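>>> Below are the sequence and a predicted model; questions follow.
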Amino acid sequence: MNFIDFIEALFQYQFLQKALFTSIMVGIICGIVGCFIILRGMALMGDAISHAVLPGVAISYMLGISFFFGAVITGVLTAIGIGYVSQNSRIKHDMAIGIMFTSMFAVGIIIITFMKSSADLYHILFGNVLAVRMSDMWMTLGIGVLVIALVVLFYKELLVSTFDPTMAQSYGLPNKWIHYALMVVLTMVTVASLQTVGIVLVVAMLITPAATAYLLTNRLSVMIYLSALIGTIASVFGLYFSFTYNLASGATIVLVSAFMFALAFFFSPSQGLMWKAMKARKNRVELMR
Amino acid sequence: MERAIEIEQLFVSYLGNQVVKDITFSVNKGSLVGIIGPNGAGKSTLMKAALNLISKDKGNVKIFGEPLKRWKTNIAYVPQRSDIDWDFPITVIDVVLLGTYPKLGLFKRPSKNDRAWAFDCLKTVGMEQFSNRQIGELSGGQQQRVFLARALAQKAELFFLDEPFVGIDVASEETIINILRDLKREGKTILVVHHDLSKAESYFDHLLLLNKHMIHFGASEEVLQPEVITRAYANQFSFLQPKGVNVT
């Protein structure tokens, strides 16, 4: 099946339309939020929080309420726990992250074992984009609109507190609250991404498109647009491969974005490995003469 | 003379150790003050605690007789170079533009006028031809000048600079000190953490000498007396004792 067939199928099947719409939203919001996550040196934290929502999601599932509430509660508790442990002992930040998120993840697995079917666990962990329900789609849209609005409204504050937190603090920005607000946003993004890429691979959608954009530009605003675009392309083509070859959507989406990262890594005009090597060689040749 | 900064009995500890003890001094408006002392004397800590950037055990800070909070947007702070991520995707002009943020308030974006003003500040430090470069592409001295331009863009009343002369070229150092002198002439109050004693007297009109405790605060020539300096630096020369030299 080629891409044309995929587009035909898109017109035919409503489930595929919903899947595409949700994936694109996820690509965009993960791309945007990911920029701030990597620039604040929180890639590992993103991994931790996305995994740590598992018990919250499981409990919400059992209680029959929206994933959203449980996820935000356990996500934020984990973020606070990590901060508390690393600030009050000789335990370093990365150690605290390793301890807290694996514990939360383990709790989540045990809770899910008590649920009816293991298929649910599989879908939460790895996503099942073709089974997106209308309610999931609206939730993703809602989270997407909220995240974009927050970034637009507080762009200035996010920029200063990320680039120079000391300056931000000196003129009265509440760095701590910005940090925790970002943690809340992170858990929301994770919830929005549950169906598309699943808990395990959310972090890839947060980091890879943003890192790709980071190699391509020297402006934060441009980086955010590029990252959202790269996330979107990864979602569309990932969904295509997933649908065509009957593969897990999370895995295909992540691999497409990893492929784009590799392209940027080698061929980026300013940072690419290839140009750097060519330039170095040219310099050497000129010196030989 | 109007008192710009009054600091009273400032104590700071880090991981349970007192690193700044009992500092009391006040700075007149329009002074250019150097904070000097040996490594680990708590110079940067004192500056950060005075600005409430780190928590203090005790102490009172007043700006023009009022609590620090009311003057926050009127204080420009230039951090140590090591505190900045130089790979950050930001251009030189956008760094300077950050200086206009404190007075813009929430939800407001910098206007065309703000951009023009940021460019003027960049001209003042002689860096306008680098305006579209990524900040990490500049040399140390150039980066420091850009950060001074950002402080100028803030139109602040007080300036706090943490080790602005570390690892920079002579030309940049001269540009920076000349701008600081201009600011002083305009009646701004400037505090600079500094470690090079040789230029302390020519750069600053007042000096605060500390080594955890406050050793002395006063006019530069008064602080740079051998017996005063020795009190701060004495233990740096303990290695001379076996050779029969006693510095106390």
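Alright, I've got the coordinates. Numbers count the residues shown, from 1 in each chain, chains lettered A, B, ... in the order given.
>>> any weak-confidence spans in the stretch 51-200 of chain A?
Scanning the stretch 51-200 of chain A for pLDDT under 70 picks out A:116-120.
>>> Counting neighbours, what do you get for the residue of it found nearest chain B?
Closest to chain B within the stretch 51-200 of chain A is A:Tyr171: 3.8 Å, counting by C-beta to the nearest C-beta. Bear in mind the C-beta positions are built from the backbone N, C-alpha and C, glycine included. Counted by other C-beta atoms under 10 Å in any protein chain shown, the residues lying close to A:Tyr171 total 21.
>>> show me what contacts it?
B:72-73, B:75, B:101-102 (C-beta atoms under 8 Å, 6 or more residues apart in numbering or on different chains).
>>> repeat for A:Gly108
Shown in contact with A:Gly108 (C-beta under 8 Å, 6+ apart): A:54-58.
>>> now swap in B:Val193 and tell me
Neighbouring residues of B:Val193 by C-beta under 8 Å, 6+ apart: B:34-35, B:43-44, B:47, B:161-163.
>>> Pick out the most distant pair among the residues you listed.
Pairwise distances across these (C-beta to C-beta) peak at 13.2 Å, for the pair B:Gly34 and B:Ser44.
>>> So between the two, which is more surrounded?
B:Gly34 (26 against 18).
>>> ok, and does the host helix or strand of A:Gly144 reach over to chain B?
Per DSSP states H and E: A:Gly144 is located in helix A:134-153. Yes - using C-beta under 8 Å from any C-beta of the partner chain, helix A:134-153 comes into contact with chain B via A:Leu153.
>>> who's in contact with that helix?
Taking C-beta under 8 Å, 6+ apart as the rule, helix A:134-153 contacts A:18, A:21-22, A:25-26, A:28-29, A:32-33, A:66, A:68, A:158, A:181, A:185, A:188-189, A:191-192, A:195, A:224, B:107.
>>> thought A:Val76 was touching A:Met183?
Yes - judged on C-beta atoms under 8 Å, A:Val76 makes contact with A:Met183 at a distance of 5.7 Å.
>>> Looking at the two now, which is surrounded by more residues?
Between A:Val76 and A:Met183, counted using other C-beta under 10 Å, the more crowded position is A:Met183 (24 against 20).
>>> what about that one, which helix or strand?
In this structure, A:Met183 is located in helix A:175-193 according to DSSP H and E.
>>> what packs against that helix?
Applying 3 or more C-beta pairs under 8 Å, 6 or more residues apart in numbering or on different chains; DSSP states H and E, we find helix A:175-193 packed against helix A:14-39, helix A:43-52, helix A:67-87, helix A:134-153, helix A:155-163, helix A:165-170, helix A:198-214.
>>> Would you reformat those helices as JSON lines and include distance to B:Glu128?
Shown next, in JSON lines, are the helices and strands packed on helix A:175-193 (distance: least, C-beta to C-beta, whole Å):
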{"stretch": "helix A:14-39", "distance to B:Glu128": "26"}
{"stretch": "helix A:43-52", "distance to B:Glu128": "36"}
{"stretch": "helix A:67-87", "distance to B:Glu128": "42"}
{"stretch": "helix A:134-153", "distance to B:Glu128": "30"}
{"stretch": "helix A:155-163", "distance to B:Glu128": "21"}
{"stretch": "helix A:165-170", "distance to B:Glu128": "22"}
{"stretch": "helix A:198-214", "distance to B:Glu128": "27"}
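>>> Buried ones in the helix holding A:Met183, by neighbour count?
A:178-179, A:181-183, A:185-193 (16 or more other C-beta atoms under 10 Å in any protein chain shown).
>>> and what of stretch A:161-173?
A:161-171, A:173.
>>> next one: stretch A:90-109
A:93, A:96-97, A:99-101, A:104-105, A:107-108.
>>> and which of those is nearest to B:Glu201?
A:His93 (43.1 Å).
>>> Surely that closest one is in contact with A:Tyr84?
No - A:His93 is beyond contact range of A:Tyr84, at 11.6 Å (criterion: C-beta under 8 Å).
>>> Please list the residues of chain B that sit near chain A.
B:48, B:51, B:53, B:69, B:72-73, B:75, B:77, B:79, B:83-85, B:88-91, B:94-95, B:98, B:101-102, B:104, B:106-110, B:134, B:160.
>>> So how do I select the buried members of those residues in PyMOL?
Typed into PyMOL, the line below selects the buried ones among these, using 16+ other C-beta under 10 Å:
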select buried, chain B and resi 48+51+53+72+73+75+77+79+84+88+89+90+91+94+95+98+101+102+110+134+160
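>>> In strands, which of the residues of chain B next to chain A appear?
With strands taken from DSSP state E, the overlap with the residues of chain B next to chain A comprises B:75, B:77, B:160.
>>> So which of those residues is the closest to chain A?
Of all these, B:Tyr77 has the smallest distance to chain A: 4.3 Å, by C-beta to the nearest C-beta.
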